[in-house]
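Colleague: below are the sequence and a predicted model for it; my questions follow.
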Amino acid sequence: GSGFKPIGDSSNRFTGSFNGSGNTISNLTINRSGRNVGLFGNVSSGGGITKTHLRAVNVSGSGDVGGLVGTNKGEIYQSSSTGNVTGDNADVGGLVGVNTGKVNRSYAAGSISNSANNLGGLIGENDGGEVRLSYATGEVNLTEPEDGSNVGGLVGQSSGGEVTRSHATGNVSGSDRTGGLIGRSSGTSINNSNATGNVNGPGNFVGGLVGLSQSNINGSYSAGTVQGDEYVGGLVGSMAETQESLIILTSNASGTVNGSQYTGGLIGANGLESFGPGPVSGGTIETSTASGTVTVPEGATGQQIGGLVGQNYQGTITSSNATGDVQAGDATSVGGLVGYNDAETLSTIRETYAAGAVDGGDNVGGLVGQNRNDLVTDSYAVGTVNGSASVGGLVGTNTGSNAKVNNSYAAGSVAGDSAGGLV
């Protein structure tokens with residue numbers, strides 16, 4: 001049967017305040033074909049759910065599906081849901097399908113799956129909402145990767161609002177725009193949050209914390225292994241500016257990262273040099289680190305692989321470092337810190353270092369594989385460097401009228417054709 005009928009829908013929203021007083025509702029079953037599916041189907045901006053806990057739920061619907069609330073415009077406080085939540089359309093989350101209100105001190109656990117867009121362990125889509133001190137522990141699985149995207153351990157897609165002091169621990173399996181915390185984030189302030197589950201997205205824009213980011217990230221980290229194809233990063237798959245200057249500040253990634261192109265221990269691509277409508281500038285990376293090993297799949301035609309950043313286009317990197325090895329096979333533009341660095345105007349890599357061993361094909365450097373028209377200053381590399389051609393202890397190739405290396409050094413051994421101790 002269709003099970004429990006959700007309280008409230010899009011035409012008759014729940015406007016009251018429900019206080020569960022810490023009590024538990026067990027074995028809730030809902031099987032509906034429409035939208036706004038959960039214990040509460042749709043909660044208005046004046047409504048609220050407090051201290052309400054669901055256990056062993058089995059909730060399924062089309063879209064806007066959550067264990068507790070399908071669509072939330074109000075406030076959810078100290079509440080939770082555990083069990084299975086599934087959908088076959090957009091916006092499916094373990095606790096809330098769509099959130100434009102507040103979710104505070106709440107959590108979800110269990111198996112979350114969907115065959116379409118916006119799938120999250122806690123929230124499917126966060127549209128300008130506030131998520132604080134909340135978490136998700138369940139596995140998140142996109143069942144038909146060819147049809148969906150925006151998959152996150154905590155939130156599938158987030159636009160505006162904030163995610164603060166929140167985390168996700170479950171493994172995440174998606175496609176394009178897949179992240180350990182958020183699949184796709186645009187204009188959302190991400191603060192002091194983390195993800196520790198493994199992330200597997202056979203497509204593009206895959207990150208240990210965020211898959212595709214147009215958001216500021218501060219004091220956050222990821223620790224799981226990350227596997228993808230292009231634009232793959234231990235913390236962020238790709239960061240590209242839109243209207244504002246973006247920053248990743250005091251954040252780190254420690255998991256192993258595997259990708260074929262534009263792959264980095266922290267960020268796969270900071271800026272997009274080759275992008276549909278035209279190049280998009282990167283942001284600022286400051287006081288941030290990556291310590292995991294970065295690898296390229298055997299037999300892949302790899303390019304732009306770095307211990308910290310794979311591609312850095314018109315982006316700034318300062319007071320940051322990478323300590324993991326970079327094992328890139330025959331890939332081109334491979335660096336201990338940055339694989340490929342390019343700028344139309346000086347953006348600068350400053351006060352940075354790389355300590356891992358670097359192995360690649362052409363244009364391989366202990367710090368930067370290929371540097372074009374940009375400044376590298378007050379930086380160093382100490383790992384061994386091995387490549388086929390254009391191999392340098394610090395920079396593999398340094399080209400362009402504005403390309404400069406100042407006050408920097410390399411201390412590791414260098415092997416390869418056209419090899420130099422520094423450049």
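Modeller: Right, received. Where do you want to start?
Colleague: buried ones in stretch 293-311?
Modeller: Across stretch 293-311, burial judged by 16 or more other CB atoms under 10 Å covers 293-296, 300, 302-311. C-beta coordinates here come from the backbone N, C-alpha and C atoms, glycine included.
Colleague: of these, which is the nearest to Val65?
Modeller: When those are compared for distance to Val65 (CB to CB), Gly310 wins out at 35.5 Å.
Colleague: where's the dip in pLDDT among the buried residues of stretch 293-311?
Modeller: Among those, Ala300 carries the weakest pLDDT, at 87.
Colleague: off-centre distance for the helix or strand hosting Gly339?
Modeller: If you go by DSSP states H and E, Gly339 is part of strand 338-342. For strand 338-342, the separation from the chain centroid amounts to 20 Å (computed by CA atoms, centre = their mean, to the nearest Å).
Colleague: next one: stretch 39-56
Modeller: The answer for stretch 39-56 is 28 Å, by CA atoms, centre = their mean.
Colleague: can you list contacts of the helix or strand just after the strand holding Gly339?
Modeller: Using DSSP H and E, the next helix or strand after strand 338-342 towards the C-terminus is strand 349-350. With CB atoms under 8 Å, 6 or more residues apart in numbering as the test, strand 349-350 has contacts from 312, 316-319, 337-338, 341, 367-368, 374-379.
Colleague: most neighbours among the residues you listed, which one is it?
Modeller: Val368 (38 neighbours; other CB atoms under 10 Å).
Colleague: got a list of what that residue touches?
Modeller: 306, 335, 337-339, 341, 349, 376, 394-396.
Colleague: export those to TSV and tack on distance to Ser80?
Modeller: Converted to TSV, the contacts of Val368 look like this (distance: CB to CB, whole Å):
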residue	distance to Ser80
Gly306	40
Gly335	44
Leu337	42
Val338	42
Gly339	42
Asn341	45
Ile349	45
Val376	49
Leu394	51
Val395	51
Gly396	51
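Colleague: and Gly201, how far from Asn191?
Modeller: Look at Gly201 and Asn191: by CB to CB, to the nearest Å, they are 24 Å apart.
Colleague: the two: which is more packed in?
Modeller: Gly201 (30 against 17).
Colleague: now do that one, the pLDDT please.
Modeller: 91.
Colleague: how much space between it and Gly396?
Modeller: Distance from Gly201 to Gly396, counting by CB to CB: 29 Å.
Colleague: coming back round to it: contacts for the strand holding Gly339, please.
Modeller: With CB under 8 Å, 6+ apart, strand 338-342 has contacts from 262-264, 273, 303-306, 308-314, 317, 333, 335, 349, 363, 367-374, 376.
Colleague: quick one: which of the residues you listed sit in strands?
Modeller: 262-264, 303-306, 309-313, 317, 333, 335, 349, 363, 368-372, 376 (DSSP state E).
Colleague: mind giving me the packing neighbours of the helix-or-strand element of the chain with minimal mean pLDDT?
Modeller: Every helix and strand of the chain was ranked by mean pLDDT, DSSP states H and E. The lowest is strand 414-420, at a mean of 83. Contact partners of strand 414-420 among helices and strands, from 3 or more CB pairs under 8 Å, 6 or more residues apart in numbering; DSSP states H and E: strand 385-392.
Colleague: and the strand it packs on, how far out from the chain middle?
Modeller: 31 Å.
Colleague: before we move on, what about stretch 335-350?
Modeller: Per CA atoms, centre = their mean, the centroid offset for stretch 335-350 relative to its chain is 21 Å.
Colleague: now do stretch 211-222
Modeller: 7 Å.
Colleague: can you pull the buried residues of that stretch?
Modeller: Buried residues in stretch 211-222 (16+ other CB under 10 Å): 211-218, 220-222.
Colleague: endpoint to endpoint, that stretch covers what distance?
Modeller: 12 Å (CA to CA, to the nearest Å).
Colleague: ok, now stretch 192-204?
Modeller: 25 Å.
Colleague: run the chain-centre distance for it.
Modeller: That offset, for stretch 192-204, works out to 6 Å (CA atoms, centre = their mean).
Colleague: pull out the buried residues from that stretch.
Modeller: 192-201, 203-204.
Colleague: taking those together, which two end up most distant?
Modeller: Farthest pair in those, by CB to CB: Asn192 and Gly203, 28.7 Å.
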